[in-house]
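Novice: A structural model of the following input is requested.
(chains A and B, ligands or ions: 2)
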Amino acid sequence: MPTPPLLALHGVCKRYGVVEVLKDIELEIHAGQVVALLGDNGAGKSTLVKVISGVAPADKGVVEWEGRAVHIKRPHDARDLGIATVYQDLALCGNLDVVGNLFLGREIRRFGFLDEMEMERLTRSLLERLTRNLPDLRAPVVSLSGGQRQTVAIARSLLANPRVLLLDEPTAALGFKQTTEVLDLIDRLRDRGLGVLLISHNMGDVKALADRAAVLRLGRNNGFFDVNTASQEQIISSITGATENVPRPPAPHESAW
Amino acid sequence: MRKMTDNTRTELATPDAETGRPHPGRAVSRVVEGWVAAFRRKLSAGELGWLPVVLVLAAVWIIFQSLNENFLSPRNLSNLSVDIVGTGLIAVGIVFVLLLGELDLSVGSISGLAAAVFAVLNVNSGVPEWLALIVGVLAGTVAGTVQGYSFAKTRVPAFVVTLAGLLTWNGIMLAILGTSGTINLDENGLVAKLTSYYFTNDAVAYGLAAVGASVVFLVSYQDRRRRQAVGMPHRSLRAIGVRTGAVAVIAFAVAYLLNRFQGLPLALLIFLVTVAGLDIVLRHTHYGRQVYALGGSVEASRRASLSVTWVRTAVLAVSGTMAAIGGLFLASRITSVSQSSGSGVLLLNAIAAAVIGGTSLFGGRGTTWSAVLGMLVIQSIASGMAITDTPTAVQSVITGGVLFAAVVIDSLSRRSQEAHGRA
Ligand SMILES: Nc1ncnc2c1ncn2[C@@H]1O[C@H](COP(=O)(O)OP(=O)(O)OP(=O)(O)O)[C@@H](O)[C@H]1O
Ligand SMILES: [Mg+2]
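Specialist: Ligands and ions are numbered 1, 2, ... in the order given. You can find the predicted model right below:
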């Protein structure tokens, strides 16, 4: 394809102390595509999300935005590029209310003061698109249920009209209906040309929604799949390590210590 | 499972029963019902806010009034309202630091340092009062900024950094005072006037009470109109009326009392204006929102691209500045500065006031008004003890008990909130 991907990673490495959590990661996110990022617990999926969002910048490797090398050193850099993230731990401030969390770091001001009314109005209209059961917009987020909090985090990621959306298990705490609504939303966002990176342990959702899948295993790439043609068994065996699609990954104990 | 809806507001906004006829009694009871509902919700969510401290204050007043009928006399209350100001201003700065979930132990030393700088410049070196005053306050700002930056950069907990500060600033203060011991301030000077000036004209206190109530009304009314215009939930007119009425009753009662003694004290006016102003800064500006966010979760704030270093530095700068201003008011009250300025229980009282007033030790919850309420409790106990000739040892024990109760409430409400979230 002539058009470069929205976001591409080449040879990205990340270590925490002596532990090499990510090694030589390759990944591409194209506009209008949903890429599923798969892997067992501890494979490094959330770490990769933090690398891209600037929370835990890469030690080595190249990040390209529309074909041009960029440096993502802090969350601000990612935000300026148009990358929005729903973190696995949601990263909400429990003491702030829903409106405060949604607009944290980009408050709307009027005569220099926070424009609570306008922010509340936008929050309401955004949340109404996501859920029928609106939480109390003025209650501290700590008093919301896990699913409501997840909805708040998703709403926040959409606020700035991002071009790339990183979703780290966005439906983990959601009920059946709410999950369907979020998956529908992701589908619509893809149609609007967003690039989406979706982390999920639910193969059904991945099959239904994703265009491509990238598998991580022990911090390395372990295969790329076209979700429409690859069989579920193929993908799962790649996740569990029954098939090794990459130059021999290190034995578990080597990488862990 | 609890259903979370924005019902208090919407409820208040629904039009009155189809009669359309105003019915003041029912109107008020409706609003009160709304408040009760909101209160229940807060109770179960573990946010009691200012209620416990108001109950404690009422209890303290009732007890001392029954022990000595001069306790609630205009004279005693007026003195009380001036006595809370020095430590209260320091406590306002402490509120900022507590909102981050940190502690500032240096405020006592900084208040002494500022007073010493002022006294030495003005009395010993003949620098004009206004200039010495500004330099004194700036000394506090600088000290706070240095501490804040060290705290933000080294990530050593603020209480350790400010413990080092406590010793350092105290040493500098002693060095500045040198051998001069006690420096007496000009009895008729600007700084002395800070706590000795009263607006003897009755109209001032009443006028300001009226202004305060009108501002509350206008702001609420304006907010209601904007919300109404775009079809958002909004307060009903009668909710605004009751709210304004409550503020007006309190404001005019205070004005009446003060006017029966010497009028509105300048110190009290400055204190209340400062508290109200900083409350607006905290709750209605971008900066204040960042302070609360950091108190809620540093990591979440960082991910939302907030500048953690800057906010932390600025918060300790505010607390240093407020400590300096408070120190000047304390010096003004006794029109002298000595080596013991800013020492003793001052630091502990300032922290206790903020916590008793309802600001959480765990960060992220509280307002500057808690400094006023907390100081009222502490100073009422002190004043009541003095008036009833109780030994100061008892006073410490009682204040300690109130502080302990406040911390327990804080910790319980935090736990209940968390438990609630997991439901
Ligand atoms: N801050 C950290 N310091 C040290 N090690 C870390 C840190 N964060 C993650 N790790 C390690 O990195 C590895 C990958 O963690 P990561 O959270 O990325 O996994 P994951 O694929 O998201 O797993 P899950 O499916 O459980 O969410 C784990 O072995 C973990 O222990
Ligand atoms: Mg993860």
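Novice: hey, let's count contacts and neighbours off CA atoms from now on
Specialist: Will do.
Novice: Tell me, how many residues neighbour A:Asp191?
Specialist: 13 (other Cα atoms under 10 Å in any protein chain shown).
Novice: Which residue, neighbours along the chain excluded, lies closest to it?
Specialist: Once flanking residues are discounted, A:Asp191 sits nearest to A:Gly32: 5.9 Å by Cα to Cα, 6 or more residues apart in numbering or on different chains.
Novice: Confirm that neighbour sits in a strand?
Specialist: No. Secondary structure of A:Gly32 (DSSP: H, G, I helix; E, B strand; the rest coil): coil, not part of a strand.
Novice: For it, give me the backbone phi and psi.
Specialist: A:Gly32 has phi and psi values of phi 70, psi 20 when expressed as degrees, to the nearest 10.
Novice: what does the one 10 residues further on give?
Specialist: Summarising the backbone geometry of A:Gly42 under the convention degrees, to the nearest 10, its torsions are phi 80, psi 10.
Novice: residues touching the residue nearest to A:Asp191, list them.
Specialist: A:Leu189, A:Arg190, A:Asp191, A:Arg192, A:Gly193, A:Leu194, A:Gly195, A:Val196 (Cα atoms under 8 Å, 6 or more residues apart in numbering or on different chains).
Novice: what would the residues you listed look like in a markdown table with distance to ligand 1 and secondary structure?
Specialist: Putting the contacts of A:Gly32 into a markdown table (distance: Cα to the nearest ligand atom, whole Å; DSSP: H, G, I helix; E, B strand; the rest coil) gives the following:
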| residue | distance to ligand 1 | secondary structure |
| --- | --- | --- |
| A:Leu189 | 23 | helix |
| A:Arg190 | 23 | helix |
| A:Asp191 | 27 | helix |
| A:Arg192 | 27 | coil |
| A:Gly193 | 26 | coil |
| A:Leu194 | 23 | coil |
| A:Gly195 | 20 | strand |
| A:Val196 | 17 | strand |
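Novice: Nearest to chain B, out of those: which one, please.
Specialist: A:Val196 (19.1 Å; Cα to the nearest Cα).
Novice: OK, contacts around the closest one?
Specialist: Counting by Cα under 8 Å, 6+ apart, A:Val196 has contacts A:Ile29, A:Ala31, A:Gly32, A:Gln33, A:Val34, A:Val35, A:Val164, A:Leu165, A:Leu166, A:Leu167, A:Ile186, A:Arg190.
Novice: How about B:Leu121?
Specialist: B:Val127, B:Ala132.
Novice: roughly how far apart are it and B:Leu133?
Specialist: 9 Å (Cα to Cα, to the nearest Å).
Novice: Same question for A:Asp226.
Specialist: 73 Å.
Novice: who's more crowded, the two?
Specialist: Per other Cα under 10 Å, whichever of A:Asp226 and B:Leu133 has more neighbours is B:Leu133, with 24 against 15.
Novice: chain center to whichever strand or helix holds the more buried one, what's the gap?
Specialist: Applying DSSP states H and E as the criterion places B:Leu133 in helix B:129-154. Centroid separation between helix B:129-154 and its chain, computed with Cα atoms, centre = their mean, to the nearest Å, is 20 Å.
Novice: With stretch A:90-99 instead?
Specialist: On the basis of Cα atoms, centre = their mean, stretch A:90-99 is displaced by 18 Å from the centre of the chain it belongs to.
Novice: give me the residue from the stretch 101-250 of chain B nearest chain A.
Specialist: Counting by Cα to the nearest Cα, the stretch 101-250 of chain B gets nearest to chain A through B:Arg227 (6.7 Å).
Novice: number of nearby residues for that residue?
Specialist: By other Cα under 10 Å, neighbour count at B:Arg227 equals 18.
Novice: what's the following helix or strand after the helix or strand harbouring it?
Specialist: For B:Arg227, the host element (DSSP H and E) is helix B:202-229. Using DSSP H and E, the next helix or strand after helix B:202-229 towards the C-terminus is helix B:237-260.
Novice: Which neighbouring elements make contact with that next one?
Specialist: On a contact count with 3 or more Cα pairs under 8 Å, 6 or more residues apart in numbering or on different chains; DSSP states H and E, helix B:237-260 meets helix B:24-45, helix B:74-99, helix B:202-229, strand B:264-265.
Novice: can you redo the ones you listed as JSON lines with mean pLDDT?
Specialist: Shown next, in JSON lines, are the helices and strands packed on helix B:237-260 (pLDDT from 0 to 100):
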{"stretch": "helix B:24-45", "mean pLDDT": "69"}
{"stretch": "helix B:74-99", "mean pLDDT": "97"}
{"stretch": "helix B:202-229", "mean pLDDT": "95"}
{"stretch": "strand B:264-265", "mean pLDDT": "96"}
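Novice: out of these, nearest to ligand 1?
Specialist: Nearest to ligand 1, of all the helices and strands packed on helix B:237-260, is helix B:74-99, at 25.9 Å by Cα to the nearest ligand atom.
Novice: what about the closest one, near chain A?
Specialist: No. No part of helix B:74-99 sits near chain A under the criterion Cα under 8 Å from any Cα of the partner chain; the closest distance found is 10.6 Å.
Novice: Name the residues of that helix that are buried.
Specialist: The neighbour-count check on helix B:74-99 (16 or more other Cα atoms under 10 Å in any protein chain shown) flags B:74-78, B:80-99 as buried.
Novice: lowest average confidence, helix or strand, in chain A?
Specialist: Here the helix or strand of chain A ranked lowest by mean pLDDT, DSSP states H and E is helix A:252-256, holding a mean of 38.
Novice: who in the stretch 1-150 of chain A is up against ligand 1?
Specialist: A:Tyr16, A:Val21, A:Asp40, A:Asn41, A:Gly42, A:Ala43, A:Gly44, A:Lys45, A:Ser46, A:Thr47 (Cα under 6 Å from any ligand atom).
Novice: Tell me the most packed of those residues, by neighbour count.
Specialist: Of those, with other Cα under 10 Å as the count, A:Lys45 tops at 26 neighbours.
Novice: before we move on, back to that, the residue nearest to A:Asp191 and A:Thr229, how far apart?
Specialist: Taken as Cα to Cα, the span from A:Gly32 to A:Thr229 is 19 Å.
Novice: how about the strands in the stretch 151-257 of chain A?
Specialist: For the stretch 151-257 of chain A, the strands defined by DSSP state E, counting those that start in this stretch cover A:164-168, A:195-199, A:212-217, A:220-226.
Novice: mind giving me JSON lines with those and columns for distance to A:Val62 and mean pLDDT?
Specialist: Shown next, in JSON lines, are those (distance: least, Cα to Cα, whole Å; pLDDT from 0 to 100):
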{"stretch": "strand A:164-168", "distance to A:Val62": "17", "mean pLDDT": "96"}
{"stretch": "strand A:195-199", "distance to A:Val62": "18", "mean pLDDT": "96"}
{"stretch": "strand A:212-217", "distance to A:Val62": "18", "mean pLDDT": "95"}
{"stretch": "strand A:220-226", "distance to A:Val62": "16", "mean pLDDT": "93"}
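Novice: mind checking which of those is nearest B:Leu347?
Specialist: strand A:164-168 (45.9 Å; Cα to Cα).
Novice: Give me the contacts around the closest one.
Specialist: By Cα under 8 Å, 6+ apart, strand A:164-168 touches A:6-7, A:31, A:46, A:49, A:82-88, A:157, A:194-200.
Novice: please redo it, this time with the cut-off set to 7 Å
Specialist: For strand A:164-168, the external contacting residues (Cα atoms under 7 Å, 6 or more residues apart in numbering or on different chains) are A:46, A:49, A:82-88, A:194-199.
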